[in-house]
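[1] Here is a sequence with its predicted model. Questions after.
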Amino acid sequence: MRLSRYFMPTLKEDPKEAQIVSHRLMLRAGMIQQSSAGIYSWLPLGHRVLKKIEQVVREEQNKAGAHEILMPTIQPAELWQESGRYDDYGKEMLRITDRHDRGMLYGPTNEEQVTDIFRSHVRSYKDLPLNLYHIQWKFRDEVRPRFGVMRGREFLMKDAYSFDMDYEGAKVAYNRMFVAYLKTYARLGLQAIPLRAETGPIGGDLSHEFIVLADTGESEVFYHKDILNLATPVDGEQTPEELQAIVDEWTSYYAAADDMHDADNCDVAEGDLISRRGIEVGHIFHFGDKYSAPFGATVAGPDGKDVTVSMGSYGIGVSRLAGGIIEASHDENGIIWPEEVAPFKVGLINLKTGDADCDTACDEFYAKLQAADVEVLYDDTSDRAGGKFAKMDLIGLPWQVTIGPRGLKSGVVEFKNRATGAKEEISPEEALNRLVG
RNA sequence: CGGGGUGUGGCGCAGUCUGGUAGCGCACAUCGUUCGGGACGAUGGGGUCGGAGGUUCGAAUCCUCUCACCCCGACCA
């Protein structure tokens, strides 16, 4: 993409409404624009990031055997009356009336909707286990939206729902998601910690939330320092026993949010207990028949008798992760994107636009990157060098290649790693090899 | 929902106390000089000062009401 043709409205100064770093950087990088409290438009750069996060989440869900569907944002009130949550949910649920005076709502989550789909189509135990997920916008009318996209009213969430014959089966589904989440966060460049969680209004008896560490996190977390040294699970089919072993390993270390932490009854040695701020980026629940029972979601078992299925739900805040990743990965100059979610892999800086040799060298380099399918943002504007560097640092692409007349004389380009700041002078061919390889 | 705060060109702000018809920096446009880490000069475009009502000869400024947004707390992906 040529920057001269791109829509990336960056700001030099911090918008005053943005107090936390990810919100400031997202606004300054031209990723988002606020529409109203807790509701945002995603501009091209932000949209690219959002789609990349979504894709990583999607791939890991698919690998875990979940099937992608897409349920609507607007749901009928009757479904929620059936589960009893229409009255319980309170003002956080945005209620709408259509022209026929029918009660509708903008879905804050989809347990009812997915259970309705399940009961309509699944009749036999042979169709289990089943896990359906979608990545869809949700709306929760929070009293106090804040922190930019990290605590919006409208947000993009991946929510998966598992259906099994019994608790044992549901636990395998739960563990499979647990492991998939660990892999997902690792791919996103995040160090995530699973915490045992309150099951909350959603109900159930097995629940973990996943948090990423960041100084601006909303809650305080306490954890055993060795949990950070655990290896991310590897890809591939895993037996129920192997899944359980991974979950057991990750949950064997102490980890709790401030609401669950009890300093007096914590048996972690003082030097091993670490306290930091964290952002919740995922939450998984087993809740049994909480929805399947009132909805009559049953399947025929091997003996021909109907069994009410045992369910779980598994959420990842996709739009929140965009902010969460920035919170966890930035410096004083701007964002530092992990490679998997960077809007472009490399920024190409033409140090002297208008200089025939420099333009030619940059255009050729750009064409070669494009031919090799390397996502590149090419700053071909006539801005001054300083501004170009500052802008590239701000938007945080993993690599920066700078081509200028002086380097061309000696046959080198500047190759910079955004994360480490390390700069090397190498040949254009070498730079190309590193980016393509 | 309780407490605090802010609304003035796209962004950041001054002006409000002490009413006199809107200003600065950045950004934007044109021209020129510059140009290897956010240049300089000249010129120019853009704001009914969040909204409504009131006081006054006159309101960004004073009064009343209202809306929006932000921050701290309780709650959530």
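    Right, received. Where do you want to start? Residues are numbered from 1 along each chain as shown, chains lettered A, B, ... in the order given.

[2] which residues touch residue A:98?
    residue A:104 (C-beta atoms under 8 Å, 6 or more residues apart in numbering). Quick note: C-beta positions are derived from backbone N, CA and C, even for glycine.

[3] Look up phi and psi at it.
    When quoted as degrees, to the nearest 10, the phi and psi of residue A:98 stand at phi -90, psi -180.

[4] confidence score at it?
    At residue A:98, the predicted lDDT confidence score is 93.

[5] Could you measure from the residue of the stretch 151-300 of chain A at minimum distance from RNA strand B over to residue A:26?
    Using C-beta to the nearest atom of the strand, the closest approach of the stretch 151-300 of chain A to RNA strand B is made by residue A:155 at 3.3 Å. Separation of residue A:155 from residue A:26 (C-beta to C-beta, to the nearest Å): 14 Å.

[6] now do residue A:375
    If you go by C-beta to C-beta, the gap between residue A:375 and residue A:26 works out to 19 Å.

[7] What of residue A:420?
    Here residue A:420 is placed at a distance of 23 Å from residue A:26 (C-beta to C-beta).

[8] Between those two, which has more neighbouring residues?
    residue A:26 (26 against 8; other C-beta atoms under 10 Å).

[9] Roughly how far does the more buried one sit from residue A:93?
    27 Å.

[10] And for residue A:51?
    From residue A:51 to residue A:93 the distance is 28 Å (C-beta to C-beta).

[11] Next, the closest residue to RNA strand B within the stretch 251-400 of chain A: secondary structure please.
    The stretch 251-400 of chain A approaches RNA strand B most closely through residue A:386 (1.7 Å), counting by C-beta to the nearest atom of the strand. When classified by DSSP: H, G, I helix; E, B strand; the rest coil, residue A:386 comes out as helix.

[12] so what sits against both of residue A:155 and residue A:26?
    Joint contacts of residue A:155 and residue A:26 (C-beta under 8 Å, 6+ apart) are residue A:149.

[13] Surely residue A:72 and residue A:107 touch.
    Yes: taking contacts as C-beta atoms under 8 Å, residue A:72 lies within contact range of residue A:107: 7.3 Å.

[14] Please enumerate the shared neighbours of the two.
    Common neighbours of residue A:72 and residue A:107 (C-beta under 8 Å, 6+ apart) are A:113, A:136.

[15] quick one, which of the two is more surrounded?
    residue A:107 (25 against 13).

[16] ok, that one - contacts?
    Contact analysis of residue A:107 by C-beta under 8 Å, 6+ apart lists A:71, A:72, A:73, A:74, A:75, A:113, A:136, A:138, A:139.

[17] State the distance from the residue of the stretch 251-400 of chain A closest to RNA strand B to residue A:12.
    For residue A:386 relative to residue A:12 (C-beta to C-beta), the value is 12 Å.

[18] Repeat that for residue A:206.
    Residue A:206 sits 49 Å away from residue A:12, going by C-beta to C-beta.

[19] Name the residue in the two with the higher neighbour count.
    The neighbour comparison of residue A:206 against residue A:12 (other C-beta under 10 Å) goes to residue A:206, with 19 against 9.

[20] you'd agree the more buried one is up against residue A:167?
    No: here residue A:206 does not reach residue A:167: they are 9.1 Å apart, not a contact under C-beta under 8 Å.

[21] which residues are common contacts for those two?
    Residues within reach of residue A:206 and of residue A:167 at once, by C-beta under 8 Å, 6+ apart, are residue A:286.

[22] Would you map out the domains in chain A?
    Domain assignment of chain A by automatic domain parsing yields the ranges A:3-335, A:346-436.

[23] which one of these has the lowest average pLDDT?
    Among those, domain A:3-335 carries the lowest mean pLDDT (a mean of 92).

[24] Residue A:344: how many residues sit nearby?
    Residue A:344: 22 neighbours (other C-beta under 10 Å).

[25] Just confirm it is within a strand.
    No: Residue A:344 is assigned coil when assessed by three-state DSSP, not a strand.

[26] before we move on, the earlier item: in contact with the residue of the stretch 251-400 of chain A closest to RNA strand B, which residues are there?
    Residue A:386 neighbours (C-beta under 8 Å, 6+ apart): none.

[27] what's the spacing between it and residue A:2?
    20 Å.

[28] And for residue A:105?
    Going from residue A:105 to residue A:2 by C-beta to C-beta gives 44 Å.

[29] now do residue A:220
    The value you get for residue A:220 to residue A:2, if C-beta to C-beta is used, is 45 Å.

[30] Could you do residue A:127 as well?
    51 Å.

[31] Same check on residue A:195?
    Computed as C-beta to C-beta, the residue A:195 to residue A:2 distance reads 45 Å.

[32] more crowded one of these two?
    residue A:195 (24 against 15).

[33] tell me what whatever helix or strand the more buried one lives in is packed against?
    Residue A:195 belongs to strand A:192-196 when assigned by DSSP states H and E. Secondary-structure packing of strand A:192-196 (3 or more C-beta pairs under 8 Å, 6 or more residues apart in numbering; DSSP states H and E): helix A:167-187, strand A:206-213, strand A:219-224, helix A:240-251, strand A:255-257, strand A:273-288.

[34] and these as a markdown table, adding distance to RNA strand B?
    Formatted as a markdown table, the helices and strands packed on strand A:192-196 follow (distance: least, C-beta to the nearest atom of the strand, whole Å):
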| stretch | distance to RNA strand B |
| --- | --- |
| helix A:167-187 | 11 |
| strand A:206-213 | 6 |
| strand A:219-224 | 6 |
| helix A:240-251 | 17 |
| strand A:255-257 | 9 |
| strand A:273-288 | 4 |
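
[35] By neighbours, which of the contacts of residue A:107 wins?
    Ranked by neighbour count (other C-beta under 10 Å), these have residue A:75 at the top, with 22 neighbours.

[36] Show residues contacting the helix or strand residue A:27 falls within.
    If you go by DSSP H and E, residue A:27 is part of helix A:21-28. Residues outside helix A:21-28 that contact it (C-beta under 8 Å, 6+ apart) are A:10-15, A:18, A:32-34, A:46, A:147-150, A:216, A:322-324, A:326-327, A:330, A:334-335, A:394.

[37] buried ones in that helix?
    For helix A:21-28, burial by neighbour count (16 or more other C-beta atoms under 10 Å) applies to A:21, A:22, A:23, A:24, A:25, A:26, A:27, A:28.

[38] distance of the fourth one from residue A:420?
    For residue A:24, the distance to residue A:420 equals 23 Å [C-beta to C-beta].

[39] now the last one
    Computed as C-beta to C-beta, the residue A:28 to residue A:420 distance reads 22 Å.
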